[in-house]
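> One predicted model, sequence on top.
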Amino acid sequence: MKPSVAGWLFAGPALAIIAVFFFLPVLAALAISLTDFDIYALAELSNLRFVGFQNYIELLQRPLFWQALGNTLYFVVVGAPLSVLVSLAAALLLNGQMVRFKGFFRTALFAPVVTTIVAVAVIWRYLLHTRYGLINYSLDGLGLPVVDWLGDPHFSMPAIILFAVWKNFGYNMIILLAGLQAIPGDLYEAARIDGANAWQRFFHVTLPSLVPSLFLVGVLTMAGYFQLFAEPYVMTQGGPVQSTLSIIYLMYEEGFKWWSLGSASAVAFILFVFMIVAAVGQLMVMRRYGSGV
Amino acid sequence: MFVVAVMVLGIMFAACTNESGENEILEIKFWAMGREGEIVPELLKEFERENPGVRVMVQQVPWTAAHEKLLTAFAGDALPDVAQMGNTWISEFAALQAISSLDEMANTSSVIEEQDYFPGIWATNRIADSLYGLPWYVDTRLLFYRKDVLKAAGIGRPPRDWTEWMQAATAVKEHVGNNNFALFVPVNDFEMQVSLALQQGVPLLREGDRYGNFSSPELVAALDFYLDFFRKGLAPAASESAISNVWDEFARGYFTFYLTGPWNIGEFRRRLPADLQDDWMTAILPGPSGPGASTAGGSSLVVFQHSAHKELAFQLVEFLSRPEIQQQFYALSGNLPPRRASWRGDRLASDPYVAAFREQLERVLPAPKVPEWERIVQELRMVTERAVHEQWTAVETARELDSRIDRILEKRRWMLAREAGAES
């Protein structure tokens, strides 16, 4: 048996599973996105029409789609870097030499990741409550104006970002912490002997060594943040005035509220293209940055 | 291992034969939404007593997820036997052939009497001359108002037509000053717009429900009347969540008229301060010339097409349609019954706050019965909200609305054209 055949045989089961549960559904969704599948078609398949790219064209003309896209980009552009920064800061703190009770803090900071989103959403709704919430209570105590976090279209997305960052940063923190611990100690030692201060050591030793981990974390976070859904679903139902309606939320509403599976699939593919473009862009930036040091 | 498996199977078999042999238990699956889902098991104890061997399994479904749960269950062939359903959804599920026509069973029933139901509510359950649901409770919108403020503003009685309504609102606004308003109607709601449009007596969709009809002069007038409240500063351009506590604000005099539904009678009693309890009342919705129509909302009970126990399912519907059961249901939930006979109960007949609802229910009108209606009202809500914020004229609003409605109804037009082609 040739080695290549053996290789295919070993990879075969996994490939078959991927084909059946990933490629097939994706192809089916692509096919559906070219039809006007709706509740009439659900009742009687002969009511299905092939419409070509009509779903895509109509979507691009719908203000609600652009609003959802804008909201999603807002969430990704502000939320993802913020989340990575918070994770990095937490990882650096946990990796510090002077920190006591590391195990406790690591668990405590990781805890939000493994809690149920619906349960913590209830707590956050209390925290963000306009009149009885702890956050507004603190703002008021500091003499700042209180904010209608989930009712004011300008503050609903920042509230969702805050919630999402708090919920997710622990996961990236663990990955970055592993990356930090993998950096050999003698690099720091050599830098110190050369007279590098703490900032220089951070920018010239820690950060370059962390590039692979940061890239991984960046791609995962971005891909995850593009798929914003659960946070607005449990906190605001996409409101107020559709200010927290994300692309996935729009897809969900199209698909399962109105049962327009055709246009819901089209939404999914547009999002897919966006994510590929963003991931490739990130890869190129990281390559340049990684090789330049 | 094998021995254990055989033993387990054996025990299961014994259990099964035992159960079906001695007293067969029939299970009826019933989906009820929101608060009704919490209350209805209480009523069903009596039904189970009357029908030994029958157990009703009530599944509570939250309102926010109800519509998609029903559709998903249809797609996945997991629908229950009976369900409560918002009456504007009936045309959709009838088009899907998911729900059963009830004509035969209702005609022979000794409990169901068509003449006893409010005609507008009954009509929401008839799709193309077939009855698909039985009204369970009704929901409509009318005016809650402050008697004391109205009197202080020099208005003797609640308005009966549009002119009086606008005059009363203007007088109230003058009286309460710049920081308060005459009317509160959530700007992201659609009920008032639909009611005003229905009052005009022209269809909301034209040419056999193929196109939007909001650009017709009558419906433009209705939109204009609605937008006028915001243009003249008589109503705040605010949603319910922006007001945050409508009862506090009503008590404070932030607004004098509040367009809302029957559930607020209970809320007003509970939440308004004691010294204000004699100062509020409900009034029928004013129409273009005299008392007007309002929307025929509420929930119906439907029996699903695939159910294996349709007879029994219908018996459950019949049970819940009995006037005395509906009175109990009202006592538990505050939901208004759809039958005149149920309104003769003590609680309802003697309550001054529901009297206006009783009058209003005689003149409620169904919304257009197309499966796309739910989507259309969402567009209506979004378009009018934008019209309020961006100071659109009624004609501009109507044009935008009609173009969105026409797009939604495109598939319907195609289907109707194909049907017509097939017949000729």
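Noted; the coordinates are in hand.
> any chance you could map the strands in the stretch 301-424 of chain B?
Ranges of strands in the stretch 301-424 of chain B, per DSSP state E, counting those that start in this stretch, are B:364-365.
> How about the residues of it by chain A?
Counting by CB under 8 Å from any CB of the partner chain, the stretch 301-424 of chain B comes close to chain A at B:371, B:374-375, B:385, B:407, B:411, B:414-415. Glycine gets a C-beta too; all of them are placed from N, C-alpha and C.
> can you do 7 Å?
B:371, B:375, B:411, B:415 (CB under 7 Å from any CB of the partner chain).
> residues near the third one, how many?
When you say that, I think you mean residue B:411. Residue B:411 has 19 neighbouring residues, counting by other CB atoms under 10 Å in any protein chain shown.
> can you check the first one too?
Counted by other CB under 10 Å, the residues lying close to residue B:371 total 23.
> Let me have the residues of the stretch 301-424 of chain B next to chain A in TSV, extended by pLDDT and distance to residue A:146.
What follows is these, written out as TSV (pLDDT from 0 to 100; distance: CB to CB, whole Å):
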residue	pLDDT	distance to residue A:146
B:371	91	44
B:375	89	37
B:411	92	47
B:415	91	52
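> Residue numbers of the stretch 51-200 of chain A in contact with chain B?
Taking CB under 7 Å from any CB as the measure of proximity, the stretch 51-200 of chain A contacts chain B at A:130, A:151.
> run the last query once more with 6 Å
residue A:151 (CB under 6 Å from any CB of the partner chain).
> circling back to that earlier point, from the residues of the stretch 301-424 of chain B next to chain A, which land in helices?
Judged by DSSP state H, those include B:375, B:411, B:415 as members of helices.
> wait, what's in contact with the first one?
The contact partners of residue B:375, by CB atoms under 6 Å, 6 or more residues apart in numbering or on different chains, come to A:258, B:408.
> Quick check: the farthest pair among the residues of the stretch 301-424 of chain B next to chain A?
Using CB to CB, these span at most 15.6 Å, a distance reached by B:375 and B:415.
> Tell me how many other residues surround residue B:251.
As a measure of burial, residue B:251 has 18 neighbours, counting by other CB under 10 Å.
> just the helices in the stretch 51-200 of chain B please.
B:63-75, B:90-95, B:103-108, B:119-124, B:147-152, B:162-176, B:191-199 (DSSP state H, counting those that start in this stretch).
> Mean pLDDT lowest where, among those helices?
Mean pLDDT is lowest for helix B:63-75 out of these, coming in at a mean of 89.
> Show me what it is packed up against.
In terms of contacts (3 or more CB pairs under 6 Å, 6 or more residues apart in numbering or on different chains; DSSP states H and E), helix B:63-75 is not packed against any helix or strand.
> pull the CA atoms of it into CSV?
Provided in CSV are the C-alpha atoms of helix B:63-75 (Å, rounded to 0.1, in the frame of the first residue of the first chain):
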residue,chain,number,x,y,z
TRP,B,63,-44.6,34.9,23.7
THR,B,64,-41.3,36.2,22.3
ALA,B,65,-40.5,32.8,20.9
ALA,B,66,-44.0,31.5,20.2
HIS,B,67,-44.2,32.2,16.5
GLU,B,68,-40.9,30.7,15.6
LYS,B,69,-41.4,27.7,17.9
LEU,B,70,-44.7,26.9,16.1
LEU,B,71,-43.1,27.3,12.7
THR,B,72,-40.1,25.2,13.6
ALA,B,73,-42.3,22.6,15.1
PHE,B,74,-44.3,22.5,11.9
ALA,B,75,-41.1,22.1,9.8
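> and residue A:107, how many neighbours?
12.
> quick one, phi/psi of it?
Dihedral pair for residue A:107: phi -70, psi -40, per degrees, to the nearest 10.
> what's the distance between it and residue A:101?
Separation of residue A:107 from residue A:101 (CB to CB, to the nearest Å) stands at 10 Å.
> Please name the residues that touch residue B:187.
So residue B:187 contacts B:237, B:239, B:385, B:388 (CB under 6 Å, 6+ apart).
> In CSV, list those residues along with neighbour count and pLDDT.
Output for the contacts of residue B:187, formatted as CSV (neighbours: other CB atoms under 10 Å in any protein chain shown; pLDDT from 0 to 100):
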residue, neighbour count, pLDDT
B:237, 14, 85
B:239, 17, 76
B:385, 18, 88
B:388, 19, 91
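> Where does the record place the domain boundaries for chain B?
Per automatic domain parsing, the domain ranges recorded for chain B read B:26-139+B:297-357, B:142-295+B:368-416.
> Nearest residue to residue B:276 in space, please, no chain neighbours.
Nearest residue to residue B:276, sequence neighbours excluded (CB to CB, 6 or more residues apart in numbering or on different chains): residue B:251, at 5.5 Å.
> for the one helix or strand the one you found maps to, which positions count as buried?
Following DSSP states H and E, one finds residue B:251 within helix B:246-252. Neighbour counts over helix B:246-252 (16 or more other CB atoms under 10 Å in any protein chain shown) mark B:246-247, B:249-251 as buried.
> now these in JSON lines, with pLDDT?
Listed next are the buried residues of helix B:246-252 as JSON lines, based on pLDDT from 0 to 100:
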{"residue": "B:246", "pLDDT": "87"}
{"residue": "B:247", "pLDDT": "91"}
{"residue": "B:249", "pLDDT": "90"}
{"residue": "B:250", "pLDDT": "93"}
{"residue": "B:251", "pLDDT": "92"}
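> what about residue B:208, neighbour count?
Neighbours of residue B:208 (other CB under 10 Å): 11.
> How much space separates the closest residue to it other than its chain neighbours from residue B:213?
Closest residue in space to residue B:208, ignoring its immediate chain neighbours: residue B:416 at 6.8 Å, by CB to CB, 6+ apart. Using CB to CB, one gets 16 Å for the distance from residue B:416 to residue B:213.
> If you count surrounding residues, which of the two has more?
Neighbour totals were compared for residue B:416 and residue B:213, and residue B:213 leads with 21 against 15 (other CB under 10 Å).
> Let me know the pLDDT of residue B:21.
Confidence score, pLDDT, at residue B:21: 45.
> Then residue B:158?
94.
> which residues touch it?
So residue B:158 contacts B:145, B:283 (CB under 6 Å, 6+ apart).
> again, only using 8 Å
Taking CB atoms under 8 Å, 6 or more residues apart in numbering or on different chains, we find residue B:158 in contact with B:143, B:145, B:150, B:168, B:281, B:283.
> So what's the residue count around the third one?
The one in question is residue B:150. 24.
> Confirm for me that it is in contact with residue B:253.
No - at 11.4 Å, residue B:150 does not count as touching residue B:253 under the criterion of CB atoms under 8 Å.
> follow-up on the earlier one: I'd guessed the residue nearest to residue B:276 sits against residue B:274; true?
No - counting by CB under 8 Å, residue B:251 does not reach residue B:274; the two are 10.7 Å apart.
> Strands of the stretch 51-200 of chain A, residue ranges please.
Under DSSP E, counting those that start in this stretch, the stretch 51-200 of chain A gives no strands.
> Do you have the helices of it handy? List them.
A:54-60, A:63-74, A:80-95, A:102-114, A:117-127, A:134-141, A:153-181, A:185-193, A:198-201.
> Tell me, what's the model's pLDDT at whichever residue of the stretch 101-250 of chain A sits closest to chain B?
Residue nearest to chain B within the stretch 101-250 of chain A: residue A:151 (4.6 Å; CB to the nearest CB). Looking at residue A:151, its pLDDT is 75.
> neighbours of it, just the number please.
Around residue A:151 there are 20 residues (other CB under 10 Å).
> Residue B:28 now?
Count around residue B:28 with other CB under 10 Å applied: 23.
> Show me the contact partners of the helix or strand hosting it.
According to DSSP H and E, residue B:28 maps onto strand B:26-33. Residues outside strand B:26-33 that contact it (CB under 8 Å, 6+ apart): B:37, B:40, B:44, B:53-63, B:66, B:69-70, B:80-84, B:86, B:299, B:309, B:312-313, B:316.
> Filter those residues down to the buried ones and hand me the PyMOL line.
The PyMOL command for the buried members of the contacts of strand B:26-33 (criterion: 16+ other CB under 10 Å) is given here:
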select buried, chain B and resi 37+40+44+54+56+58+61+66+69+70+80+81+82+83+84+86+299+309+312+313+316
